[in-house]
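In: pasting the structure only:
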């Protein structure tokens, strides 16, 4: 038996090329929220989901995106060596930076990216409604 000095970084690099190591990855639900002059825009990666699998709702300054995709059943005929692709459901609640007109909102899904366009509500510089003094 040969003893070898433990060098974690070198060991990791050697194993990286010899073995199939699963590294942490960016969430598939990575989300961008930004605004233009007229709109607040939310873009979310939702690969593998169809528009029928997604539900978008709005409540009190929060956008809620839900998705559900059925898990493919493992079949003996496929002779799996590896099965890593998962399906399931998710819920993501996103706070919005501005008040929006949800009645004029639009959403589209293209190439695994969901885009929700929410027109900003026009605000005045005045604070609320004026109350007359008797």
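Out: Received the coordinates, thanks. All of these numbers come straight from a predicted model, not from anything done at the bench.
In: tally of neighbours for residue 40?
Out: Taking other C-beta atoms under 10 Å as the criterion, the count of residues near residue 40 is 20. Every residue, glycine included, has its C-beta placed from N, CA and C.
In: any idea which helix or strand comes after whichever strand or helix holds it?
Out: Residue 40 belongs to strand 39-45 when assigned by DSSP states H and E. Downstream of strand 39-45, the next assigned helix or strand under DSSP H and E is strand 54-59.
In: Determine the set of other helices and strands touching that following strand.
Out: Helices and strands touching strand 54-59, by 3 or more C-beta pairs under 8 Å, 6 or more residues apart in numbering; DSSP states H and E, are strand 62-68, strand 113-119.
In: tell me which residues of the helix or strand following the first one are tucked away?
Out: Under the assignment DSSP H and E, the closest C-terminal helix or strand after strand 62-68 is strand 89-95. The neighbour-count check on strand 89-95 (16 or more other C-beta atoms under 10 Å) flags residue 90 as buried.
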